[in-house]
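[1] need coordinates for the following:
(chains A and B)
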Amino acid sequence: MQFESLPGFREFYPEACRLRNYIFSHWRKVARCYCFSEYDAPVLEPLELYIEKSGEEIVGQLFNFEDRGGRAVALRPEMTPSLARLVGAKANSLKRPVKWFNIGEHYRYERPQKGRLRAFYQFNVDIFGEAGPAADAELICLLIQSLQSFGLGEADFKLRLSDRDLWLLMLASEGLDEAASAKVLGIVDKLERMERAKALESLSAILGEQAESFLGQVERLTTIRDFAGLRAFVEALPLEGARQEAARQRLAEWTALMEHVEAAGLMAFLQIDLGIVRGLAYYTGFVFEAFEASGEGRALAGGGRYDALVKKLGGPEMPAVGFAMGDVTLIDLLESKALLPKFVDAPDIVIVMVGADERKLALLDAASLRAVGYQVNYPLKEQGFGKQFKAANQSGARFALIYGTDELARGAVKVKDLTSGGECEIRRSDLLQTLPELIEHGLMADDGAR
RNA sequence: UUGAGGGUAGCUUAAUGGUAGAGCAACGCACUGUGACUGCGUUUGGUGCGAGUUCAAAUCUCGUCUCUCAACCCA
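    The predicted model follows:
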């Protein structure tokens, strides 16, 4: 019987695994540099957790089943609900702001396609307990720097920033209630990929004859790319009283956020784009997505503020903002930009030995070298010299240590620099002392004389 | 869930109805004290799976699985 892996699930052969760990290590490093703490949560959760957050429809997109105890469970499709529960449960004892991150695998029962699989890794980064725009800005900077750490520059990706609060104000000024606003935002979200006529049709169902002029207004808003333009647009909205005040405050928060990113020197990556609204209803303020600079392809990362979610999932009132970045789109992008390093598992040292007696001494030395952290390899079975050298060379090792009868009789081994071909003899007792210098400087081809 | 296009050895591929072939890789030998070269050799498949048409199927037909791309969805 032949078995294959399940659709949308990857097998990580060593090379792919190295790549995966490379991605993880960069994510982790940047998060630590921003002083976020790593947490983890169960991979299997009560199905209800996701229904509560996203509605019944979500079930069709989950790996879910009934466990032996009759519980309806699901593999996690995202981290946020688990995280909200974790934070909610200890909300009163956590020092704020709570800055946490996770790297974990997530599962969605969808048909795989470019940039999307059924099992994928996500980098989740969140801040709880800080309502001000500095938290949003901090995450935006972290997101930008994490992408930069892979060698991506401002010509490679942009972070598109939008604001659901401004949208709601704008929609309120058009006289839309909450339910109608949600529907309209759903359409705005798709506008970029939708034909205008079709969008108009969908809007007419909600707005009737105003649809045409409304769509014009939407198009003006979504094409704004600078803050002055956005400010002018918002100030021109027919708002009064509390709403006018809210709009003024919101613009101040925009200013604060942008000043923060500007001060961090990352403004070149930020692009105002109110066309981003994110499909999810639970976002409450700033929302953002990172895209390849041309705007092609899937979002590299997405996030925003979700101030109401912790409470909805049973916790206390707790402002929150976060984002997630997936490994699949990121790897696709790095590959297309030729930014994936070539990974090699080359040993530091390969031992070449002549026979069984020499092998015993070699094993002893290998153990001490390994104990202090060198990557040491040797053939597992007896092989001829020529073959051992060939293998040593192919392994990419920097040095060969040669355990030959003559050298060992003198209490020494021969060291060969496999890149230069230089050789010299070292007393076995001096190995640990001498190797660091050899590795630092290498052996010239004529060093054997010294 | 829907639509389109693919699946031949570990990888890249050839064979348009008539003996499934090559390159790379891997392994072995030349090669028991010095590698990146070379030479020789070996291994690997019933063509994703199943059925059908045919004297004959990798090739044509149907079903199915899977991959890729797209639609839906996108937390």
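[2] how far does the longest helix seen in chain A sit from its chain's centre?
    Longest helix in chain A by number of residues (criterion: DSSP state H): helix A:241-263. Averaging C-alpha positions (CA atoms, centre = their mean, to the nearest Å) puts helix A:241-263 29 Å from its chain's average.
[3] so where's chain A shaky on pLDDT?
    Low-confidence segments of chain A, defined by pLDDT under 70: A:1-2, A:280, A:445-450.
[4] quick check: the residue of it nearest RNA strand B.
    For chain A and RNA strand B, the shortest gap (CB to the nearest atom of the strand) falls at A:G404, measuring 2.2 Å. Yep, even glycine has a C-beta here, placed from its N, CA and C like the rest.
[5] list the contacts of that residue.
    Going by CB atoms under 8 Å, 6 or more residues apart in numbering, A:G404 touches A:M353, A:V354, A:E358, A:V413, A:K414.
[6] likewise for A:A211?
    Per CB under 8 Å, 6+ apart, neighbours of A:A211: A:L200, A:L203, A:S204.
[7] which element, helix or strand, includes the first one?
    In this structure, A:L200 is located in helix A:196-207 according to DSSP states H and E.
[8] so is that helix next to RNA strand B?
    No - using CB under 7 Å from any atom of the strand, helix A:196-207 stays clear of RNA strand B, coming no nearer than 9.3 Å.
[9] could you pull out the buried residues of that helix?
    For helix A:196-207, the buried set under the neighbour-count rule, 16 or more other CB atoms under 10 Å, comprises A:A199, A:L200, A:S202, A:L203, A:I206, A:L207.
[10] the fourth one against A:V184, yeah?
    Yep, that's A:L203 we're talking about. Yes - look at A:L203 against A:V184 with CB atoms under 8 Å: they come within range, at 7.0 Å.
[11] before we move on, back to that, including distance to A:G373, neighbour count and secondary structure, could the contacts of A:G404 go into TSV?
    What follows is these, written out as TSV (distance: CB to CB, whole Å; neighbours: other CB atoms under 10 Å; DSSP: H, G, I helix; E, B strand; the rest coil):
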residue	distance to A:G373	neighbour count	secondary structure
A:M353	22	26	strand
A:V354	27	19	coil
A:E358	24	19	helix
A:V413	19	25	strand
A:K414	23	18	strand
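[12] one step back: please report how far the residue of chain A closest to RNA strand B lies from A:G355.
    According to CB to CB, to the nearest Å, A:G404 and A:G355 sit 9 Å apart.
[13] likewise A:L239?
    Taking CB to CB, one finds A:L239 at 89 Å from A:G355.
[14] these two: who's more crowded?
    Higher neighbour count among A:L239 and A:G355: A:L239, with 18 against 11, using other CB atoms under 10 Å.
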